[in-house]
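Enquirer: Provided below for reference: sequence and predicted model.
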Amino acid sequence: MLSASAADAPRTDPRAAAEVLTRALRDEVRRTGFERGVIGLSGGLDSAAALMLAARALGPANVVAFALPVAGSPPEAFAHAQETARAAGVELRTLDLAPVLASLEKALPGSGGDRVRRGNLAARARMIALYDLSAAERALVIGTSDKTEILLGYTTLWGDMAAALLPLGDLYKTEVRALARHLGVPAAVVDKPPSPDLWAGQTAEGELGFAYADADRVLFQWVDLGRRPADLVAAGYPADLVRAVERRVLGSSFKRKMPLVLKVSSRTVSMDFRLPRDAGT
Amino acid sequence: MHPRLGDLEGNLALHRDWIGRAREAGAALLVFPELSLTGYAIRDLAPSLALPGKGGPLQALAKEAGGMTVAVGALVEDRAGPPANAGVILERGRVAFVHRKVYLPTHGMFEEARYLSPGDRFRVHRSKPLGMSLGVLVCRDLWHLSSAVALSWRGMDLLVGMSASPGRDLSEGRPGGDGFGSRHMLRLLDESYARCLGAFVVHANRVGTEEGVTFSGGSEVRDPTGRLVAEGPEGDEALVTADLDPDLLRRARSALPLERDERRELVAREVRDALRERGRRPAD
């Protein structure tokens, strides 16, 4: 729909990215003293690509994949998770979170009927499960968010964004798809429309109101190439799209930050006094 | 090599190991990458990791190096306040030369000027054991073409490049093929300096990751014709060795006498004029 030249779109070389990310993931996991990783496997594209990378980086035996279904999770999502785990050579375990979510919905009146609240509860229930499994399995939580989701804020704060590492966090959705194909993620998973799978027929693009391929172009031009949103509109990009993307990015900044510290001293943690996270390793 | 971030003791031990390996390989010169003693993303650890330019651990390491000339990357105390990001030459049992990185990248992912003090000069070190003049440039110094030219004017025979270059750009169709686009740029710089300045280039670039950033490795040695003499892997630690024939300096500079023909007075005049002109433009 856009000016549609190939140069508009982000195109990270999937083969080179697979090499670099495999090495970096191994290095960043092991330096923490862990040998293993745990991933929530949804049956969708991102978690499939993250699982493949983790299996390459740490060895399939060092990766624990969990299906974490809630009521309403479509059965084909589980089938896709199984297919992906098989392709990665990783054992898939299932932890049914339906009763957990049901009891949270009961304790928090109105949450079950509100799609946003219910989506957040599901994401945070999964986070609690993954962090407990992290301790139980001595495995680092590997997150699955991609650059598009992170920028658009199409995530749940302290939910699916909660992880030790985001190996796909610097690749746009369309790039993750190319990487997934390269890594051998089953075609059924690569080709299906992304969805949080909270109810039948839900799709991410339906909720966002635009296609990932279009959003990725706008984001790539803006974030990576430094073109200004207004100039994109002037260059023929649909104004609605550019504005919607820009609004989402600016409106979700809080999801990409640690909480604000209100300053009173002259040396405030993380504002004046900043330490590397990987110190000593 | 892959230093441990913020672990001075651990990195001193790593340096002793590599020095031992280089000695076994019969090396006369050993070059470590940028900030090899501290790791790169040091942030507010900088004050705790800064070393005195004389004495202390650098002096001890110089003793360790024995008859070998060794360039290490260190944070060196600076009277301006924050430490300097330095390339330090250890030779004949002492700290023989310190180059403080002049260009501290501070944009995008880089924040060096926030934590460090910049150097203010480019000088060569006349190495008696090697019989050559060494110029040291640390990472971003290399991207400013004038740095290497300044060293060349002071008679540089061998450019010691020390980098911790974060790998950037894996886009399809990037120049240089397989690795990071940013590493391709380092290769171009090495080749251009070697050939155009008629000097050896020994450029160590670190490997490993820190804070999610992958360093692009691929250390290399070029002779004064620009030819690649030795190359390290992109992702793994390695001792990259090469035999350098000093007579190549004479032959390369005779075959392509750029150094002889350099119009230094003319260039200096042009630079002075350009500076004067800029000074007249208030917008600068």
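Expert: Yep, it's here. It should be emphasised that the depicted structure is a prediction, and the values quoted were computed from it without experimental measurement.
Enquirer: Got the confidence number for the one residue sitting closest to the centre of chain A?
Expert: What sits nearest the mean C-alpha location of chain A, by Cα atoms, centre = their mean, is residue A:145, with 1.3 Å. pLDDT recorded at residue A:145 is 97.
Enquirer: do the same with residue A:201
Expert: pLDDT, read off for residue A:201, is 85.
Enquirer: Where does the prediction get shaky in chain B?
Expert: Low-confidence segments of chain B (pLDDT under 70): B:282-284.
Enquirer: doesn't residue B:66 make contact with residue B:93?
Expert: Yes: in this structure, residue B:93 is within contact of residue B:66 by Cβ atoms under 8 Å, at 7.4 Å. In this view, the C-beta of every residue, glycine as well, is placed from N, C-alpha and C.
Enquirer: sorry, back to before: just checking, the residue nearest to the centre of chain A touches residue A:169?
Expert: Yes: at 5.9 Å, residue A:145 counts as touching residue A:169 under the criterion of Cβ under 8 Å.
Enquirer: okay, and the common contacts of those two?
Expert: When Cβ atoms under 8 Å, 6 or more residues apart in numbering or on different chains defines a contact, no residue borders residue A:145 and residue A:169 alike.
Enquirer: contacting residues for residue B:159?
Expert: B:134-135, B:137, B:148, B:151, B:193-194, B:197, B:199-203.
Enquirer: okay if I get those residues as JSON lines plus secondary structure?
Expert: Below are the contacts of residue B:159 laid out as JSON lines (DSSP: H, G, I helix; E, B strand; the rest coil):
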{"residue": "B:134", "secondary structure": "strand"}
{"residue": "B:135", "secondary structure": "strand"}
{"residue": "B:137", "secondary structure": "strand"}
{"residue": "B:148", "secondary structure": "helix"}
{"residue": "B:151", "secondary structure": "helix"}
{"residue": "B:193", "secondary structure": "helix"}
{"residue": "B:194", "secondary structure": "helix"}
{"residue": "B:197", "secondary structure": "helix"}
{"residue": "B:199", "secondary structure": "coil"}
{"residue": "B:200", "secondary structure": "strand"}
{"residue": "B:201", "secondary structure": "strand"}
{"residue": "B:202", "secondary structure": "strand"}
{"residue": "B:203", "secondary structure": "strand"}
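Enquirer: for those, which one is nearest residue B:52?
Expert: residue B:134 (21.9 Å; Cβ to Cβ).
Enquirer: which residue sits closest to the closest one in space, ignoring its chain neighbours?
Expert: Closest residue to residue B:134 apart from its sequence neighbours, by Cβ to Cβ, 6 or more residues apart in numbering or on different chains: residue B:125 at 4.7 Å.
Enquirer: on contacts alone, who are the packing partners of the helix or strand hosting that neighbour?
Expert: Per DSSP states H and E: residue B:125 is located in strand B:124-127. The elements that strand B:124-127 packs onto, with contact taken as 3 or more Cβ pairs under 8 Å, 6 or more residues apart in numbering or on different chains; DSSP states H and E, are strand B:81-91, strand B:94-100, strand B:132-138.
Enquirer: In CSV: these, plus mean neighbour count and distance to residue B:113.
Expert: As requested, those are exported to CSV (neighbours: other Cβ atoms under 10 Å in any protein chain shown; distance: least, Cβ to Cβ, whole Å):
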stretch, mean neighbour count, distance to residue B:113
strand B:81-91, 25, 9
strand B:94-100, 21, 13
strand B:132-138, 26, 14
